[in-house]
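Peer 1: This is a predicted model, with the sequence first.
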Amino acid sequence: MTENDISTRLAAVRGRIAAAAEACGRPSSDVQLVAVSKFHPAESIAHALEAGQRIFGENRVQEAESKFPTLRTRWPDLRLHIIGGLQTNKALAACRIADVIESLDRPPLSDAIARAGDRLGRLPDLFVQINTGDEPQKYGVPRAEAAAFIDATKRRFGDRVRGLMCIPPEDQDPRAHFAWLARTAREAELPAISMGMSADFEAAIAEGATLVRVGTAIFGARPAIGA
């Protein structure tokens, strides 16, 4: 995809974000766009950076390591979010490369991140991922365990815990899941709520999202190699 294509798509997504925020009485500055660049080449990310995008999301740590260090040399203000399920053996690499890990969802991963932080002398910001549909095939803390896990995570990591993230079931109306996550974040006094993707981010904004994760609407369909 050309630089012009990506610039045009980014502008369209930003316009939709602004309109969705305005429709529910929120300033567009309340909502950050995370451009999900998984499976897309560094060239496409560079096109988005040229168009002013600075926050990106990647699912796989190894893929992020292959693309972002070089991009940071030219755009040192870019921010990288790890948004996919994170294996404990990838925690050190994730903490080294990421500004935000959105997929903290179990005690062993908390342990691995804590060890990585001690070793590196730094920690990224952390989001707790909640499996709002209690789907067995998905990552995320089950709903029933969410409050206790959030409390334990805040006690351990303090203000590094910034918010919550979810991916609603594909076969359900996402708004109920978005509303639940926003309510849970308020109860936990966490400021950031990462929810909503290309197909449903307007609904997420209406329910209180502060970050939306948009890939296809910006970069097009994923390359076949990542399918």
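Peer 2: Arrived safely, thanks for sending.
Peer 1: residue ranges for the strands of this structure, please.
Peer 2: 32-36, 55-58, 79-82, 100-104, 125-131, 141-142, 161-165, 192-194, 211-214 (DSSP state E).
Peer 1: Switch those strands over to CSV; also include mean pLDDT, mean neighbour count and distance to residue 174.
Peer 2: For glycine as for every other residue, the C-beta is placed from the backbone atoms N, C-alpha and C. Formatted as CSV, the strands of the chain follow (pLDDT from 0 to 100; neighbours: other C-beta atoms under 10 Å; distance: least, C-beta to C-beta, whole Å):
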stretch, mean pLDDT, mean neighbour count, distance to residue 174
strand 32-36, 98, 23, 16
strand 55-58, 98, 24, 18
strand 79-82, 98, 23, 20
strand 100-104, 98, 26, 17
strand 125-131, 98, 25, 13
strand 141-142, 98, 19, 18
strand 161-165, 98, 23, 13
strand 192-194, 98, 24, 13
strand 211-214, 98, 24, 12
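Peer 1: so how far is residue 211 from residue 45?
Peer 2: 18 Å (C-beta to C-beta, to the nearest Å).
Peer 1: Please apply the same query to residue 196.
Peer 2: Relative to residue 211, residue 196 is positioned 8 Å away (C-beta to C-beta).
Peer 1: same deal with residue 5?
Peer 2: 24 Å.
Peer 1: same check, this time on residue 20
Peer 2: Taking C-beta to C-beta, one finds residue 20 at 13 Å from residue 211.
Peer 1: Any chance of the backbone angles for residue 75?
Peer 2: phi -120, psi 80 (degrees, to the nearest 10).
Peer 1: is it true that it touches residue 54?
Peer 2: Yes. Counting by C-beta atoms under 8 Å, residue 75 does reach residue 54; the two are 7.3 Å apart.
Peer 1: quick one: the helices in this protein?
Peer 2: For the chain, the helices defined by DSSP state H occupy 3-23, 42-50, 61-74, 91-97, 107-120, 143-157, 174-187, 201-206, 216-219.
Peer 1: Point out the most buried one among those helices.
Peer 2: Among the helices of the chain, helix 201-206 has the highest mean neighbour count (mean count of other C-beta atoms under 10 Å), at a mean of 23.
Peer 1: now that one: mean pLDDT?
Peer 2: Averaged across helix 201-206, pLDDT comes to 98.
Peer 1: Cheers, nothing more for now.
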